[in-house]
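[1] my questions are about this predicted structure, shown below with the sequence.
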Amino acid sequence: MSVIKVIRERRSVREFLEKDVPGELVMEVLDAARWAPSSKNSQPWEFIVIRDQETKKKLAKLAKFGWFIADAPVVIAVVTDPRKSYAHVIDGSCAVQNLMLAAWELGLGTCWIGTMDRDKVKELLNIPKELHLLTVIPLGYPKKTPNPPSRKPLKEITYHEKYGEKIS
Ligand SMILES: Cc1cc2nc3c(=O)[nH]c(=O)nc-3n(C[C@H](O)[C@H](O)[C@H](O)COP(=O)(O)O)c2cc1C
């Protein structure tokens, strides 16, 4: 698939098939993540690959909008290091976008989980206090492709030369 096609067709997936994801595919999406751009090439990211069912169930309980986490065969926790980059959240977000797009290309679904009890998740996963837990990403084969949620029209969000000067 072309990059533009993957960008257009990727959806957040919240229902997964009961089908395992081979380790090589997990490494492939993580490889895509590590090629993301980062401030001063600081690469302030690290990943934890979680397959343990009990851990996934606990994660699902700690994420307010992540009840489906335990249904995914794999969950990837993404941590960033504020000491390595002032822009660690931006850097890490670039890596996660790469990860999500690569997963889609490989027939896998993901969903960014944003709201969770970060202190408790960090404790559960032995993440050092100094690191930032950016997100946890369930990864698996989608049960179905969700309908695309709408996007704002380009004309509404794009200006000519100066802010506020709409493109006709
Ligand atoms: C920072 C961030 C936090 C998000 N948090 C959650 C979440 O906690 N639970 C969830 O189901 N989806 C979450 N999402 C996914 C969005 O709901 C989703 O990207 C949006 O509705 C657009 O749908 P699409 O990804 O299928 O295009 C999050 C996305 C981002 C970028």
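    Yep, that arrived.
[2] dump the residue contacts of A70.
    53, 56-57, 59-60 (Cβ atoms under 8 Å, 6 or more residues apart in numbering). C-beta here means a position set from N, CA and C on the backbone, and glycine is covered the same way.
[3] would it count as being in a strand?
    No: A70: not assigned to a strand; according to DSSP: H, G, I helix; E, B strand; the rest coil it is helix.
[4] what parts of this structure come near the ligand?
    For the chain, the residues in contact with the ligand (Cβ under 6 Å from any ligand atom) are 11-12, 14, 65-66, 111-115, 146, 149.
[5] out of those, which are buried?
    11, 14, 66, 111-113 (16 or more other Cβ atoms under 10 Å).
[6] I'd assumed R11 was in contact with P148.
    Yes: between P148 and R11 a contact is recorded at 6.4 Å, counting by Cβ atoms under 8 Å.
[7] which residues touch the residue in the chain that the ligand sits nearest to?
    Proximity of the chain to the ligand (Cβ to the nearest ligand atom) peaks at G114, 2.8 Å away. By Cβ under 8 Å, 6+ apart, the contact set of G114 is 65, 135.
[8] please apply the same query to G107.
    Contacts of G107 were listed using Cβ under 8 Å, 6+ apart, and they are Y141.
[9] how about a cut-off of 10 Å?
    21, 25, 141-142 (Cβ atoms under 10 Å, 6 or more residues apart in numbering).
[10] closest one to V89 out of the residues of the chain next to the ligand, please.
    G114 (11.6 Å; Cβ to Cβ).
[11] mind checking pLDDT for the closest one?
    Note for G114: predicted pLDDT of 97.
[12] buried set for stretch 66-73?
    Applying a neighbour-count criterion of 16+ other Cβ under 10 Å, one finds 66, 68-73 buried in stretch 66-73.
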